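Enquirer: Sequence below, structure please.
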Amino acid sequence: MFQPRQFLRSLFDAAIASATPANCMHHWLPSKPAGRVIVVGAGKAAASMAKVLEDRWPDPLEGLVIVPHGHTADCQWIEVVEASHPLPDAAGVAATRRILNDVSDLSAGDTVVCLISGGGSSLLSLPAAGVSLAEKQSVTSQLLRSGAAIHEINCVRKKLSAIKGGKLAAACEPAGVMTLIISDVPGGDVSMVASGPTISDTSTPREALDILDRYAISISGDARRAIMTSEPVAVIDGDVRALATSVDAMLAAAALAAGQGITPYSLGDLAGDARDLAVEHAALALQIAAGAGPIEPPCVILSGGETTVQVRGSGRGGRNGAYTLALALALNEHLSIYAIAGDTDGIDGTGDNAGSFVTPDTLTRATAAGLNAKEMLLQNNSYDFFAATGDLIMTGPTRTNVNDFRAILITKDISPLS
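Expert: Got it, this is the predicted structure:
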């Protein structure tokens with residue numbers, strides 16, 4: 001018998017697998033450059049990327065990468081340092097200083113290989129002159145809770161940093177720089193992954209200040225001066241290779257679905273408020289289920305990208321939890337629609353879950369457990385909701401990150417609950 005939950009989980013697993021360094025790096029990895037090679041980097045995939053380099057390139061390597069706690073790998077030559085995410089901490093700052101020191105005295109015959117992935121912005125952290133770590137933590141926290149989009153958050157981060165926005169590449173001169181990226185940014189803008197430490201920064205101080213004003217983020221006079229005096233960095237002749245994106249994840253899931261007779265319908269990378277997007281997707285799924293949509297069941301609607309959530313309540317839960325809870329309410333227990341939403345890094349927000357399922361009886365099980373779905377959505381408490389219904393998805397750290405993955409399955413006939 002067809003099992004909708006297992007099918008959706010298999011799509012999620014395929015999406016993640018397509019973006020793991022072990023599966024995606026060999027397509028793009030050249031031979032080891034001549035001369036001295038220094039490996040640096042930061043992000044949720046940085047350690048697993050470093051391990052692939054050690055396995056594929058001859059002779060010992062040297063360098064340092066920074067990862068969130070729990071995202072390390074068994075590297076022999078490249079040092080792995082764990083630091084805080086999503087807010088920067090002293091460990092990340094100290095490791096970032098070491099990276100700058102390691103690349104500051106190189107020659108034209110040397111090469112810096114920079115391994116960048118999602119999460120790198122908080123890990124590769126060195127406040128600009130006059131800006132304290134405490135203020136960077138405060139500004140980052142306010143932005144993350146405000147509902148600002150990732151490109152807006154990273155624009156501000158670049159201006160408050162001594163290493164982001166191309167400044168790491170400038171510190172490497174005259175050595176060559178090769179940047180290998182697993183992208184978590186919608187649309188594939190590599191300058192925004194980890195706030196682009198080796199990519200040209202074309203944003204302006206005014207843009208950053210406008211973003212802070214738009215979301216009513218308070219900053220000190222010193223931080224404002226640091227932003228106003230920051231200058232765009234142009235990186236010349238950078239070798240930048242995007243190893244995996246959310247498009248690759250969706251293609252892998254689409255191929256698996258088609259192989260099982262389920263027609264994939266991809267919406268691509270999406271952004272915007274998680275709750276609003278869920279309502280839009282529910283309307284599309286209901287239209288398809290009624291036979292009036294752009295595609296016929298059995299089919300699966302796929303999408304990636306990164307939504308936002310404006311935090312208003314005191315509950316627990318990330319953007320995928322907010323999406324699935326809003327989706328469950330909007331679908332109102334339609335008997336032929338199932339869904340999954342999760343973050344490909346294995347962590348939805350700051351929880352220990354990757355995401356959650358929606359099935360036709362999700363709300364019924366919630367009511368039986370004494371839960372008020374609408375109130376829990378308002379309180380940003382999707383984690384406790386789906387924990388009580390048994391719909392949390394647990395993967396642990398996947399050591400990659402191409403951001404969110406969402407799939408809505410519309411079956412041809414009413415299927416048994418699963």
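
Enquirer: Using the record's domain definitions, break this structure down for me.
Expert: When the chain is parsed with automatic domain parsing, its domains come out as 4-15+247-410, 22-244.

Enquirer: Can you give me the end-to-end span of the shortest one?
Expert: When the termini of domain 4-15+247-410 are compared using CA to CA, to the nearest Å, they are 9 Å apart.

Enquirer: what do you get for the longest one?
Expert: Separation of the first and last residues of domain 22-244 by CA to CA is 11 Å.

Enquirer: From the chain's centroid, how far away is that domain?
Expert: Remark: domain 22-244 is offset 14 Å from the chain centroid, using CA atoms, centre = their mean, to the nearest Å.

Enquirer: Please render the domains of the chain as TSV that adds mean pLDDT and mean neighbour count to the earlier fields.
Expert: C-beta here means a position set from N, CA and C on the backbone, and glycine is covered the same way. Converted to TSV, the domains of the chain look like this (pLDDT from 0 to 100; neighbours: other CB atoms under 10 Å):
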stretch	mean pLDDT	mean neighbour count
domain 4-15+247-410	96	21
domain 22-244	95	20
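
Enquirer: Break down the stretch 51-200 of the chain into its strands, ranges please.
Expert: Along the stretch 51-200 of the chain, counting by DSSP state E, counting those that start in this stretch, strands occupy 62-68, 79-83, 111-117, 176-182.

Enquirer: what sits against the residue most central in space within the chain?
Expert: With distances taken as CA atoms, centre = their mean, Asn403 lies nearest the centre of the chain, 3.5 Å away. Contacts of Asn403 were listed using CB atoms under 8 Å, 6 or more residues apart in numbering, and they are 118, 184-186, 246, 304-306, 343-344.

Enquirer: and if you look at Ala285?
Expert: By CB under 8 Å, 6+ apart, the contact list for Ala285 reads 301, 331, 334, 337, 339, 408, 410.

Enquirer: how much space is there between the closest residue to Ala108 other than its chain neighbours and Pro186?
Expert: Spatially, and ignoring its direct neighbours in sequence, Ala108 is nearest to Pro174 (4.4 Å; CB to CB, 6 or more residues apart in numbering). Distance check for Pro174 against Pro186: by CB to CB, to the nearest Å, it reads 34 Å.

Enquirer: Repeat that for Gly318.
Expert: Taken as CB to CB, the span from Gly318 to Pro186 is 16 Å.

Enquirer: go on, Val300?
Expert: 20 Å.

Enquirer: quick check, Ala388 in a helix?
Expert: Yes - checked against DSSP: H, G, I helix; E, B strand; the rest coil, Ala388 lies within a helix.

Enquirer: Hmm, Ala368 and it touching each other?
Expert: No - Ala388 is beyond contact range of Ala368, at 9.6 Å (criterion: CB atoms under 8 Å).

Enquirer: picking that back up, include secondary structure and distance to Asp352 when you put the contacts of Ala285 into a markdown table, please.
Expert: Listed next are the contacts of Ala285 as a markdown table, based on DSSP: H, G, I helix; E, B strand; the rest coil; distance: CB to CB, whole Å:
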| residue | secondary structure | distance to Asp352 |
| --- | --- | --- |
| Ile301 | strand | 27 |
| Leu331 | helix | 26 |
| His334 | coil | 30 |
| Ile337 | strand | 27 |
| Ala339 | strand | 21 |
| Ile408 | strand | 24 |
| Ile410 | strand | 30 |
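
Enquirer: Between those residues, which sits nearest Val80?
Expert: Here the nearest of the contacts of Ala285 to Val80, counting by CB to CB, is Ala339; it sits at 35.8 Å.

Enquirer: Quick check: beta-bridge partners of that closest one?
Expert: Beta-bridge pairing for Ala339 (DSSP bridges): Val358, Ile408.

Enquirer: Show the contacting residues for it.
Expert: Listed by CB under 8 Å, 6+ apart, the contact set of Ala339 reads 8, 285, 324, 327, 331, 357-358, 406-409.

Enquirer: try 6 Å this time
Expert: Ala339 sits next to 327, 358, 408 when contact means CB atoms under 6 Å, 6 or more residues apart in numbering.

Enquirer: For it, give its distance to Ala330.
Expert: Using CB to CB, Ala339 is found at 11 Å from Ala330.

Enquirer: And for Thr179?
Expert: Relative to Ala330, and taking CB to CB, Thr179 is found at 41 Å.

Enquirer: next one: Leu409
Expert: Going from Leu409 to Ala330 by CB to CB gives 16 Å.

Enquirer: next one: Val39
Expert: 46 Å.

Enquirer: Next, Met250: phi, psi?
Expert: phi -70, psi -40 (degrees, to the nearest 10).

Enquirer: Ile301 is in contact with that one, correct?
Expert: No - with contacts counted by CB atoms under 6 Å, Met250 stays clear of Ile301, the gap being 10.8 Å.

Enquirer: Mind listing residues that contact stretch 249-267?
Expert: Residues outside stretch 249-267 that contact it (CB under 6 Å, 6+ apart): 11, 14-15, 18-19, 295, 298-304, 402, 405.

Enquirer: try 7 Å this time
Expert: With contacts defined as CB atoms under 7 Å, 6 or more residues apart in numbering, stretch 249-267 is touched by 10-11, 14-15, 17-19, 295, 298-304, 344, 402, 405, 407.

Enquirer: got a list of what the closest residue to Cys114 other than its chain neighbours touches?
Expert: Closest residue to Cys114 apart from its sequence neighbours, by CB to CB, 6+ apart: Thr179 at 4.6 Å. Residues near Thr179 by CB under 7 Å, 6+ apart: 114, 116, 198, 238-241.
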